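Engineer: Kindly return the folded structure for what I paste below:
(chains A, B, C and D)
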There are 2 protein chains.
Amino acid sequence: MGVTNTENFTEDQNRIATIIKALGHPARVAIVEHLMKVNACICGDLVNVLPLAQPTVSQHLKELKNAGLIKGSVEGNTICYCIDMKVLTELKDYFEGMTNKLQKTNSACC
Amino acid sequence: MGVTNTENFTEDQNRIATIIKALGHPARVAIVEHLMKVNACICGDLVNVLPLAQPTVSQHLKELKNAGLIKGSVEGNTICYCIDMKVLTELKDYFEGMTNKLQKTNSACC
DNA sequence: TTTGTTTATCGTAATATTGCAATATTAAAT
DNA sequence: ATTTAATATTGCAATATTACGATAAACAAA
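Structural biologist: Take a look at the predicted model:
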């Protein structure tokens, strides 16, 4: 098969898994971290920063964009990319919620 | 190809991507969420909770274990699984660090 | 209009992932 | 010792992902 069984999970579970999956690759982690570091939109220049060919970078950017982790806007003959706080905050909240709940009621097993 | 180019990214980037990737599937999200909900080790019973065959569940558990997100310990003829706070906290810290840095210096673009 | 620059898309090859049936393994229970 | 119950492993088929060369598209500059 190779196809993920999404039907039998909740919408929330599928949504969070999709977002998380988009960050599950070192190139996409590197892209987001670079956008963070320069703390601005990147117009061009991204291909030079990454150890990958231009089409590959373009593909990774597309995946991050689909997941809503970054947004891009056309600016002349280049496209500017920046981090989309909204989805990133959603991820942060998800993991905060988890660890908060776990710390409160520390299970005594394992 | 299909093989991820890990050599040219930092160790940290590869590490965080590997952990994140392990959660990038609804079944594995569901497993972690279930372990959270029951707030205890699960000995058996996990197969009944998930809409997947036993070997598939076993495989997903293995991946979560490899990533350090859960830990398992043999308990008679069953194996008990629980969440490993350490790596989950690492994830939380990663996203907290990101959003904190972004909120401080809000880039004015896009 | 032609040229150069930048990003996207197409096509393709190689590898990875997902899922399950069949089988193996392990240990408790009879 | 045999049976039962729970989990892991193997083997396989189908699909997804990763990467890149070639090419297209969009636009600025000459």
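
Engineer: what's the straight distance from one end of stretch A:68-83 to the other?
Structural biologist: Chord length of stretch A:68-83, first to last residue, is 9 Å (CA to CA, to the nearest Å).

Engineer: Now do that stretch, average pLDDT.
Structural biologist: What stretch A:68-83 shows for mean pLDDT is 85.

Engineer: Establish whether the helix or strand residue A:56 falls within and chain B are in contact.
Structural biologist: Per DSSP states H and E: residue A:56 is located in helix A:54-66. No. Residues of helix A:54-66 are not located near chain B by CB under 8 Å from any CB of the partner chain, the shortest gap being 8.5 Å. To be clear about C-beta, it is placed using only N, CA and C from the backbone, and glycine gets the same treatment.

Engineer: can you pull the buried residues of that helix?
Structural biologist: A:57, A:60, A:61, A:63, A:64 (16 or more other CB atoms under 10 Å in any protein chain shown).

Engineer: Wait, the first one touches residue A:50, no?
Structural biologist: Read it as residue A:57. Yes. The criterion here is CB atoms under 8 Å, and residue A:57 meets it with residue A:50 at 5.5 Å.

Engineer: so who does the closest residue to residue A:64 other than its chain neighbours touch?
Structural biologist: Leaving aside its chain neighbours, residue A:64 sits nearest to residue A:70 (4.6 Å; criterion: CB to CB, 6 or more residues apart in numbering or on different chains). Applying CB atoms under 8 Å, 6 or more residues apart in numbering or on different chains, we find residue A:70 in contact with A:31, A:32, A:35, A:61, A:64, A:81, A:82, A:83, A:84.

Engineer: doesn't residue A:32 make contact with the fifth one?
Structural biologist: Yes. Proximity of residue A:64 to residue A:32 meets the contact threshold set by CB under 8 Å, at 7.0 Å.
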